[in-house]
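1. let's see this in three dimensions:
(2 chains)
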Amino acid sequence: MTGGERSSERTAFRLLLPPWVILGAFFLLPLGVLFLMSFGRRGTYGGLKPIEDLGTYIASGKFLAQYARSLHPIYLQIFWRSLWMAVVTTAVCLLVSYPVAYYIAVVAPARRRNLLVGLVVVPFWTSFLIRTYAWMFILRTEGLANRLLMASGLTSRPVELLYNDFSVLIGLVYGELPFMILPLYASLEKLDLSLLEASADLGAPRRSTFWRVTVPMTMPGVVAGIILVFVPSLGQFIVSDLLGGAKTILAGNLIQNQLAVARNTPFGSAVAFELTAAVLALLFAYTVYTKRTGQDVLL
Amino acid sequence: MRRRATLLGVHAALVYLFLYAPIAILVLFSFNRTNQTAVWQGFTLEWYRSLLHNALILSAVRNSLLVGAVATAIATVVGTLAALALGRHEFRGKGATRALLYLPIIIPEIVVGAALVTFFGVVGLRLSLATVVIAHVVFSISYVAIVVRARLSGFDRSLEEAALDLGARPLQTFWRVTLPLILPGVVSGALLVVTISIDDYVITSFVAGVGATTLPLQIYSMLKVGVTPEVNAVSTLLLAGTIVLILVAQRLQQPPPERAEG
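-> This is a model prediction of the structure:
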């Protein structure tokens, strides 16, 4: 290492001291504490049950009690629903977004492109809570959707449109849609249109050009979009809490409930880490994918 | 060919309608004279007026602005430092540092909130506005670092080298050359942080103590009780505020238009 490199490294360490300290103390350390909590057991009045002898505690396997509990059918059903909801949300977002992104990047006149992208970016950054509330407002019994249904004569009295899987799915798709359109647009924008022309010139029907040229070329955007939608859907809390009923509890609601209502930090922590592990596994798969393709729309 | 383009256009128009109609409806009904049903009864500003007399909302707005300002100030400085280190220097542990900066965005909010509230409990820190600020700083640093880092990679290092060659000290070079060049990135990062801080519900709901209710928490508790035009009015104001911030941030992030030679 040369002297210049060493002094550059010293400067870097000095610059990084504040971010390291803050993220270390208030992010990594709390995650560590939460992780340790997941191996404990709830005390009679909340908090942790004291452990008398660590050796016997570990040997008895009690430290895994929370993880074992999370395998109970009641909770497995919640995880299964979270997974299923996230899969459906991602699939719907992908199907709806690809043509939109294609339209913005390829079909729309170039001068309108910035405006069209900007119109997707705005909801991307505006309050998820308020955008979810908008659907609560529309779907509630006295809401606009019910008025339209009654006016059209489809029903004579208000229908319960909220508090079911369907309303949660609408909320999820609505909330996550911009997160799918943007990465798809990013990769479609880079698509070399002359390749499509070449494919057509060589006699490929339009359909096979799309499936054999366009889609493979934009796969990095598709994968990035899937990650950006699937991961937050999996840990969703607001949508299922506001638009879902007692029967549509997702993993996020379970964690919140255990920590804030049931005061069972150990169990809540165990579920939180199962969720985190799932998310990190997905992201690990994603980095393996980007390393292989060398194209990363996300990071 | 034409028909395909038209179909794609129609589909896109419908999706934009889907994105904006619910927000438009929510805003529209914040001006509705009745508080009963979704029937339009005429224009009124009554609900906005009643917001001004709602002590809970006013104090929530105050809390949100205070948290937003303090968290943004801290996160912007700290995030920019991280971006400078990553964009300007080679050092051991660079990959790990980058990963550490992405983690707060990647890990589900609900987990971050759970971890922070548990940690504050263990170390005996009482939940208050201060704990909200800490939480907001933690998830904001990453956004600033990413935005500023992007700006750094787009600029000409030779300007800094020229300043150093001409005898400017490193710190002088930073203040007079580097900072002015990355300032648009820093400001747009800061604006994004204000937006995220003012909008955050999930993490805040875990770490806000008594009397530390922020605007999203207040809105949430209002709409858990029942939908009122007042909720629409306060939501509209929050939307308007964040949209303005986003548009300014967007404008700043765009590279300056290339100047014609001559």
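2. going forward, measure contacts and count neighbours with C-alpha atoms only.
-> Fine.
3. ends of stretch A:149-158, what's the gap?
-> 8 Å (Cα to Cα, to the nearest Å).
4. can you list contacts of it?
-> By Cα atoms under 8 Å, 6 or more residues apart in numbering or on different chains, the surrounding residues in contact with stretch A:149-158 are A:141, A:142, A:146, A:147.
5. 10 Å instead?
-> Contacts of stretch A:149-158 with the rest of the structure, by Cα atoms under 10 Å, 6 or more residues apart in numbering or on different chains, involve A:140, A:141, A:142, A:143, A:144, A:145, A:146, A:147, A:148, A:159.
6. report the contact partners of the nearest residue to the fifth one once chain neighbours are set aside.
-> Of all residues not flanking residue A:144 in the chain, residue A:138 sits nearest, at 5.1 Å (Cα to Cα, 6 or more residues apart in numbering or on different chains). By Cα under 10 Å, 6+ apart, the contact set of residue A:138 is A:144, A:145, A:146, A:147, A:161, A:162, B:22, B:25, B:26, B:38.
7. tell me the one of those nearest residue A:229?
-> Nearest to residue A:229 among the contacts of residue A:138, counting by Cα to Cα, is residue B:22 at 20.2 Å.
8. neighbours of residue 92, how many?
-> Let's take chain A. Close neighbours of residue A:92, defined as other Cα atoms under 10 Å in any protein chain shown, add up to 15.
9. can you look at chain B instead?
-> Using other Cα under 10 Å, residue B:92 is surrounded by 10 other residues.
10. kindly report the same for residue B:72.
-> 28.
11. do the same with residue B:20
-> 16.
12. average pLDDT for the host helix or strand of it?
-> Using DSSP states H and E, residue B:20 falls within helix B:2-28. Across helix B:2-28, the average pLDDT comes to 93.
13. also stretch A:195-205?
-> Averaged over stretch A:195-205, pLDDT sits at 88.
14. same thing with stretch B:40-52?
-> 88.
15. any buried residues in that stretch, and which?
-> B:46, B:47, B:48, B:51 (16 or more other Cα atoms under 10 Å in any protein chain shown).
16. what do you get for stretch A:254-274?
-> A:254-260, A:263-274.
17. need the contact list for residue 236.
-> With no chain named, the answer covers chain A. By Cα under 10 Å, 6+ apart, the contact set of residue A:236 is A:82, A:86, A:172, A:230, A:250, A:251, A:252, A:253, B:108, B:109, B:110, B:202.
18. nope, chain B
-> Neighbour list for residue B:236: A:130, B:23, B:24, B:26, B:27, B:28, B:29, B:30, B:48, B:230, B:242 [criterion: Cα under 10 Å, 6+ apart].
19. got it, and residue B:52?
-> Residues in contact with residue B:52 (Cα under 10 Å, 6+ apart) are residue B:58.
20. what residues are up against residue B:120?
-> A:26, A:30, B:126, B:127, B:131, B:207.
21. immediately after the helix or strand containing it, which helix or strand?
-> Under the criterion of DSSP H and E, residue B:120 resides in helix B:109-123. Per DSSP H and E, the first helix or strand lying C-terminal to helix B:109-123 is helix B:129-153.
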